[in-house]
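[1] Output the structure for:
(4 chains)
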Number of protein chains: 2
Amino acid sequence: MPSDTDAGRRSRRRDAAQNREALLNAAVVILATEPDASLEAVAAAAGLSRRALYGHFSGRDELIVALIERGAERLVAAASTTDHADAPVAIALLCARLWDAVDHVRLLAQVALRQPYVERAASSLDPVRRRLTVFVARGVADGTVRDDIPQAVLARLIQESALAVLAEAARADLTDPEGRRLVMLAALGTAGLSWREAGALIADTPELAGEH
Amino acid sequence: MPSDTDAGRRSRRRDAAQNREALLNAAVVILATEPDASLEAVAAAAGLSRRALYGHFSGRDELIVALIERGAERLVAAASTTDHADAPVAIALLCARLWDAVDHVRLLAQVALRQPYVERAASSLDPVRRRLTVFVARGVADGTVRDDIPQAVLARLIQESALAVLAEAARADLTDPEGRRLVMLAALGTAGLSWREAGALIADTPELAGEH
DNA sequence: GAGAACATGCACATCGATGTGCAAGTTATC
DNA sequence: GATAACTTGCACATCGATGTGCATGTTCTC
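    Down below sits the predicted model:
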């Protein structure tokens, strides 16, 4: 019985699922640079017709919601498997993991500002920010992170620092290792470490230096 | 002869200039939250009819360009009158000055991302970033600013840190002194100072502690 | 207070994007 | 290979935003 709940119907075709993914991927590319691009443009970039897009999504709204949820899912997965006893290391590691998902994040950063989706995108990323907040709190407790800024505010500023690096990466065409390092430096700097401390931390911690 | 170049024509009316300003101010408020708002909405917020708007600007494009130029003008003015022998102080002071112009900056930050205006907005703000780059270079030379990140990149990251605080200010409803202090802390942190160094610098420097 | 500058409200044409229906073709699945 | 799933292309209706013309008030300037 291939179908989930239906009785005599044939199962969904595999290529249909592939096309759905292609549409989402195309939407990431297109909407990241032009949030108001037509669905025509998105479908074309996916190699499909506009009409076919409506077979997968009821409209622009449903497309974007699906996009946000898929992106957030990956980020949350990356975030939830990240941890380290030393708070600054944990923060740097978390940012490095996010860096590895740049393409998906960039869209969220762009779309998150758009009016109708602000709330949804923000709440989707909540788990990430909450995990970051945990690290911040731990760091403040043991004195490795600054305590001159409210923890909730600090967590958001660190997150923004990381996003700023993403934007800069798109502009300056950074290599992967450069970008990784830069994200960590920016986050640690915002967390209160001096640049020499941050540099030493990254150099002395194998988990941070290595790839993936 | 009240007119500029025309011969027998009567001069422009004062209320017309006021309405033009009202339109620009309304555009700041509206477009900052909804970049694609209709010109109808902008005109209404200014207390004018849509038709009247077209009497001042040929269309959306001309409106936004005027907006960018007016905003940039103010920021550049603030930036060009800022200086200090100590590089970190100069950086903090520059950011504090920009903070005082929050309302105008917020729009630029929003609009600067929109496709057709990226270049224009960026070039309009060039003088500010160039001045920041001067401070960064000076700091690197005398060892008060980090040298582990390319100066051009660092200057942009500092600018982004400041903008992140502006976004946070809108969300968390910060008071003016809080926001001022936060902008400076964020900028100095990105510049490489530890949080204790940054705090001490602000506390010990009268120019930074005082209002305006 | 005469006249120009300005605002208003309507009408109208245009444009791009959206959403839907349907017949015909293609492709995967049973 | 039969059939359902899927895609395509076109037509068509709709919608909101834009830009412009024009007649009719208002309001400032001289």
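
[2] any idea how far A:Leu201 is from A:Trp195?
    Between A:Leu201 and A:Trp195 the distance, using CB to CB, to the nearest Å, works out to 11 Å. Yep, even glycine has a C-beta here, placed from its N, CA and C like the rest.

[3] which of those two has more neighbours?
    Neighbour tally, A:Leu201 and A:Trp195, criterion other CB atoms under 10 Å in any protein chain shown: the higher count belongs to A:Trp195, 22 against 19.

[4] ok, the more buried one touching B:Gly143?
    No - distance between A:Trp195 and B:Gly143: 11.2 Å, which falls outside the contact criterion (CB atoms under 8 Å).

[5] interface residues of chain A facing chain B?
    Residues of chain A that fall close to chain B, judged by CB under 8 Å from any CB of the partner chain: A:33-34, A:36, A:110, A:113, A:115, A:146, A:148-149, A:153, A:156-157, A:160-161, A:163-165, A:167-168, A:171-172, A:182, A:185-186, A:189-197, A:199.

[6] Give me the buried entries from those.
    The neighbour count (16 or more other CB atoms under 10 Å in any protein chain shown) marks A:110, A:113, A:146, A:149, A:153, A:156-157, A:160-161, A:163-165, A:167-168, A:182, A:185-186, A:189-195, A:197, A:199 as buried among the residues of chain A next to chain B.

[7] Keep the residues you listed, but drop any that are not near DNA strand D.
    Subset of those in contact with DNA strand D: empty, counting by CB under 7 Å from any atom of the strand.

[8] from memory A:Ile149 sits against A:Ile158, does it?
    No - applying CB under 8 Å as the test, A:Ile149 and A:Ile158 come out as separate, 10.1 Å apart.

[9] How about the secondary structure of A:Leu174?
    Judged by DSSP: H, G, I helix; E, B strand; the rest coil, the three-state class of A:Leu174 is coil.

[10] count of residues packed around it?
    A:Leu174 is surrounded by 19 other residues when neighbours are defined as other CB under 10 Å.

[11] Contacts only, for it.
    Neighbour list for A:Leu174: A:Glu168, A:Leu182 [criterion: CB atoms under 8 Å, 6 or more residues apart in numbering or on different chains].

[12] ok, now A:Ala172?
    Shown in contact with A:Ala172 (CB under 8 Å, 6+ apart): B:Val153.

[13] Okay, it and B:Leu67: tell me how far apart.
    When distances are taken as CB to CB, A:Ala172 and B:Leu67 turn out to be 27 Å apart.

[14] A:Leu208 now?
    Between A:Leu208 and B:Leu67 the distance, using CB to CB, works out to 43 Å.

[15] And A:Leu157, by the same measure?
    Computed as CB to CB, the A:Leu157 to B:Leu67 distance reads 27 Å.

[16] Same check on A:Ala191?
    If you go by CB to CB, the gap between A:Ala191 and B:Leu67 works out to 36 Å.

[17] Now do the helix or strand containing A:Arg138: everything it contacts.
    A:Arg138 is located in helix A:126-142, with elements delineated by DSSP states H and E. If you take CB under 8 Å, 6+ apart as the criterion, helix A:126-142 is touched by A:75-76, A:79-80, A:82, A:87-88, A:90-91, A:94, A:98, A:145-147, A:151-152, A:154-156, A:158-159, A:191.

[18] what does stretch A:182-191 give?
    Around stretch A:182-191, the neighbours that count as contacts under CB under 8 Å, 6+ apart are A:88, A:91-92, A:95-96, A:98-99, A:136, A:139, A:145-146, A:154, A:157-158, A:161-162, A:164-166, A:168-169, A:174, A:195, A:197-199, A:201-202, A:208, B:148-149, B:153, B:157, B:161, B:186, B:189-192.

[19] A:Gly192 - nearest residue in space that isn't next to it in sequence?
    Excluding its sequence neighbours, the residue lying closest to A:Gly192 (CB to CB, 6 or more residues apart in numbering or on different chains) is A:Arg146, at 3.0 Å.

[20] how close does that neighbour sit to DNA strand D?
    As for A:Arg146, its distance to DNA strand D is 45 Å (criterion: CB to the nearest atom of the strand, to the nearest Å).

[21] That residue: what secondary structure?
    Counting by three-state DSSP, the backbone at A:Arg146 sits in coil.

[22] doesn't A:Leu157 make contact with it?
    No - if you go by CB under 8 Å, A:Arg146 and A:Leu157 don't touch, sitting 10.5 Å apart.

[23] mind giving me the domain ranges of chain A?
    According to automatic domain parsing, chain A comprises the domains A:1-57, A:68-209.

[24] Comparing these, which stretch has the densest surroundings?
    Each of the domains of chain A was assessed for mean neighbour count using mean count of other CB atoms under 10 Å in any protein chain shown. The highest is domain A:68-209, with a mean of 19.

[25] Run through chain A and note the low-pLDDT ranges.
    Using pLDDT under 70 as the threshold, the predicted model of chain A has low-confidence ranges A:1-10, A:102-116, A:118, A:210-212.

[26] Which stretches in it count as strands?
    Assignment of strands within chain A using DSSP state E yields no ranges at all.

[27] could you pull out the helices for chain A?
    When secondary structure is read from DSSP state H, chain A shows helices at A:14-33, A:39-45, A:50-56, A:60-80, A:87-99, A:102-111, A:118-124, A:126-142, A:151-172, A:176-191, A:195-204, A:206-209.

[28] From the chain's centroid, how far away is the fifth one?
    Put plainly, it is helix A:87-99. Taking CA atoms, centre = their mean, to the nearest Å, one finds the center of helix A:87-99 at 13 Å from the center of the full chain.

[29] tilt between that helix and helix A:60-80?
    Orientation check (axes from the mean of the first three to the mean of the last three CA atoms, to 10 degrees): helix A:87-99 against helix A:60-80 gives 140 degrees.
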